[in-house]
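Peer 1: can't give you the sequence, but here's the structure:
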């Protein structure tokens, strides 16, 4: 997310820190570089201009120029300005109306509306709500079938619409059916076009008037850059949106839309799509995104991902096994599966402060396929081999390699990594227990 902007700002701040005391000249030079970085990241030109002007006024204040750590003070000012630009704080869904609460999804064709409808339903399930999906795209039968498939995967009911039905009939009947089934939130997936036209806007307006949605969320593709901002402005002027969900933020998008949308439309980004899976929808927190942009990581998001993915009982059982030096290859595989639930390794590393920049500086490449190979190797082992790695001799290694479609050297490397990990965890566990003993003596 916004990797190019992050890299360029990191270089700018590195120059500042190397200059010791800040003067007006080097601050203005740095601000010029910040402005160019924003424009290259596809931030709206007026937003970039206003942003830099606001930072300039604060950065040239005496408290920064006289500061012991002026470089860090400057970064703090940029951070605060980024947070303010993106809306200050997270704006969640407004679900305060009498149930079932209608949520209307709008946007152009190809922006990811239908997939986002499924992701949003899963997010609502996590909030202990009972969502209901209504497919209102009668022009693309595939969209109706896709939403039904997503609903089945999530265990979420979907209104039985078909392409021959009237759109208003679908949405009205969908809301009534949701109420009958005891659902408290209705997600309506509308049709899109390849471009904005009067027919699209009129249909969306009719649907809005028919069901009076509490939220009208624009689904915008972050890969479209400035077009996403223009689309958001048009939908807001013609229909009235309450917020935006930016999709494909995990791609190669320069990401300027995320920095421009709030300033141009006055409407908050509520969620961002960070992958294809149904759990890859993240609440948009301006402070966390600003922290990632400036290479500070995002520990809060990392902890939240861990809390959502890691079984506490399993973690306690594993801790006991590590202390007893009984950590097996089966446990090793279980831990890999827990990590996979949290998302891609590359994204997880970028949440650790400083790790993203270090990874880029060292040219470290993350091979997600390595986890697949490791699981294949362990799956090719017998229960006894997973329980006691020492029984794995030469002939067993050859059989495991053939069964997993890997080589004997791959098997040897995994066993070596496992032994090293087991030894390190045992040492860390021992040190932790000694530290606790010193802190809380009997």
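Peer 2: Ah, there it is. For clarity, every value in this text was computed on a predicted model and none was experimentally measured.
Peer 1: In the stretch 251-400 of the chain, where is pLDDT below threshold?
Peer 2: Applying pLDDT under 70 to the stretch 251-400 of the chain flags residues 251-255, 295-325, 339-368.
Peer 1: which residues in it form strands?
Peer 2: For the stretch 251-400 of the chain, the strands defined by DSSP state E, counting those that start in this stretch occupy 269-273, 281-283.
Peer 1: for the last one, the distance to its chain's centre please.
Peer 2: In other words, strand 281-283. Averaging C-alpha positions (Cα atoms, centre = their mean, to the nearest Å) puts strand 281-283 5 Å from its chain's average.
Peer 1: Show residues contacting it.
Peer 2: Residues outside strand 281-283 that contact it (Cβ atoms under 8 Å, 6 or more residues apart in numbering): 90, 92, 116, 119-120, 122-123, 245, 270-274, 301. In this view, the C-beta of every residue, glycine as well, is placed from N, C-alpha and C.
Peer 1: Now which of these would you call buried?
Peer 2: 116, 119, 120, 122, 123, 245, 270, 271, 272, 273, 274, 301 (16 or more other Cβ atoms under 10 Å).
Peer 1: Quick check: closest non-adjacent residue to the fifth one.
Peer 2: When the adjacent residues along the chain are set aside, residue 123 lies closest to residue 281, with 5.5 Å between them (Cβ to Cβ, 6 or more residues apart in numbering).
Peer 1: For that neighbour, give its distance to residue 275.
Peer 2: Separation of residue 281 from residue 275 (Cβ to Cβ, to the nearest Å) stands at 9 Å.
Peer 1: ranges for the helices of the stretch 251-400 of the chain?
Peer 2: Assigned by DSSP state H, counting those that start in this stretch, the stretch 251-400 of the chain shows helices spanning 256-265, 286-293, 299-309, 312-323, 329-341, 345-350, 355-362, 369-379, 383-387, 394-404.
Peer 1: now do the stretch 101-250 of the chain
Peer 2: Here the stretch 101-250 of the chain has its helices, by DSSP H, counting those that start in this stretch, at 113-126, 141-154, 167-180, 198-211, 226-238.
Peer 1: hang on, the earlier thing: output the buried ones among the contacts of strand 281-283 as a markdown table; include the columns distance to residue 181.
Peer 2: Below are the buried ones among the contacts of strand 281-283 laid out as a markdown table (distance: Cβ to Cβ, whole Å):
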| residue | distance to residue 181 |
| --- | --- |
| 116 | 22 |
| 119 | 21 |
| 120 | 18 |
| 122 | 18 |
| 123 | 20 |
| 245 | 25 |
| 270 | 26 |
| 271 | 25 |
| 272 | 30 |
| 273 | 27 |
| 274 | 31 |
| 301 | 34 |
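Peer 1: Can you tell me which of those residues lies closest to residue 383?
Peer 2: Nearest to residue 383 out of these is residue 122 (Cβ to Cβ; 34.1 Å).
Peer 1: Not counting its neighbours along the chain, what's nearest the closest one?
Peer 2: residue 278 (4.8 Å).
Peer 1: try residue 49
Peer 2: Nearest non-adjacent residue to residue 49, counting by Cβ to Cβ, 6+ apart: residue 35, 7.3 Å away.
Peer 1: hang on, the earlier thing: so what's the residue nearest to residue 122 up against?
Peer 2: 118, 119, 122, 150, 153, 154.
Peer 1: Show me which pair in the residues you listed is furthest apart.
Peer 2: Put simply, by Cβ to Cβ the two of these set farthest apart are 119 and 153, 11.4 Å from each other.
Peer 1: so where is the stretch 1-150 of the chain shaky, pLDDT-wise?
Peer 2: Along the stretch 1-150 of the chain, the model assigns pLDDT under 70 to residues 1-4, 16-22, 61-71.
Peer 1: what are the ranges of the strands in it?
Peer 2: Under DSSP E, counting those that start in this stretch, the stretch 1-150 of the chain gives strands at 101-106, 131-136.
Peer 1: Make a markdown table out of those strands and add mean neighbour count and distance to residue 24.
Peer 2: Output for those, formatted as a markdown table (neighbours: other Cβ atoms under 10 Å; distance: least, Cβ to Cβ, whole Å):
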| stretch | mean neighbour count | distance to residue 24 |
| --- | --- | --- |
| strand 101-106 | 26 | 47 |
| strand 131-136 | 28 | 55 |
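Peer 1: Which among those strands is found nearest to residue 231?
Peer 2: Using Cβ to Cβ, the nearest of the strands of the stretch 1-150 of the chain to residue 231 is strand 101-106, at 9.9 Å.
Peer 1: Let me know the distance separating the residue nearest to residue 11 when sequence neighbours are not counted from residue 40.
Peer 2: Of all residues not flanking residue 11 in the chain, residue 33 sits nearest, at 8.0 Å (Cβ to Cβ, 6+ apart). From residue 33 across to residue 40, the span is 10 Å (Cβ to Cβ).
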